[in-house]
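1. here is my input, please return the structure:
(one chain, ligands or ions: 1)
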Amino acid sequence: LSTDDCPPDVETLGRSSWTLLHTITASYPPRPSPALQRDTTTFLSLFAQLYPCWTCAEDFQKYIASDNGRPRVSSREEFGRWMCEAHNAVNEKLGKERFDCGRWEERWRTGWKDGRCD
Ligand code: FAD
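-> Numbers count the residues shown, from 1 in each chain. Just a heads-up that it's a prediction; the model follows:
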């Protein structure tokens, strides 16, 4: 058995969750319907309520309710950037390095330009 077979701690839960969230933005349509944009906003709000690390959830709820943090879901590019910025806000809080949001798509959708994911 490995630790993968144990209940997740906050770090493991976080890594898995960011993988899901960024991958949702990567598969989001370039031009989403108004209904999908509404559903996506609802999803983010429910996700922020149900996220099973309560202090994380509380801060994420505050973030998406703030002027800078309000979800932007009108295109894949915008949503992907927004998620990257939301993740950077958590990185900053935890004293981790900021990620270059100009490269979110290479990290989560296309693979890096140097071909290391091919
Ligand atoms: P992670 O931060 O999990 O990142 C995983 C990978 O994503 C990185 O290796 C990198 O390749 C890529 N990446 C990094 N930054 C970005 C970015 N800005 N945009 C795109 N890709 C990026 N933990 C706490 O201790 N306290 C909290 O309050 C807290 N709040 C959280 C809130 C949410 C909504 C989520 C999903 C997680 C939260 N976490 C929190 C967990 C925390 O963010 C990390 O997931 C955890 O600390 C593990 O960090 P890591 O260094 O392995 O990489």
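
2. from here on, just use CA atoms for contacts and neighbour counts.
-> Noted.

3. so who does residue 62 touch?
-> Applying CA atoms under 8 Å, 6 or more residues apart in numbering to residue 62 gives no contacts.

4. by residue count, what's the longest helix in this protein?
-> helix 76-94 (DSSP state H).

5. right, and the helix or strand after that helix?
-> helix 104-105 (DSSP states H and E).

6. is that next one positioned near the ligand?
-> Yes. Shown here: helix 104-105 in contact with the ligand (CA under 6 Å from any ligand atom) through residue 104.

7. what's that helix in contact with?
-> Around helix 104-105, the neighbours that count as contacts under CA under 8 Å, 6+ apart are 26, 80, 81, 84, 111.

8. same check, this time on stretch 23-42
-> Under CA under 8 Å, 6+ apart, the answer for stretch 23-42 is 71, 73, 74, 75, 76, 77, 79, 80, 83, 105, 108, 109.

9. got a markdown table for those residues, with pLDDT and neighbour count too?
-> As requested, the contacts of stretch 23-42 are exported to a markdown table (pLDDT from 0 to 100; neighbours: other CA atoms under 10 Å):
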| residue | pLDDT | neighbour count |
| --- | --- | --- |
| 71 | 98 | 21 |
| 73 | 98 | 25 |
| 74 | 98 | 19 |
| 75 | 98 | 17 |
| 76 | 98 | 20 |
| 77 | 98 | 18 |
| 79 | 98 | 23 |
| 80 | 98 | 27 |
| 83 | 98 | 22 |
| 105 | 97 | 20 |
| 108 | 98 | 18 |
| 109 | 97 | 16 |
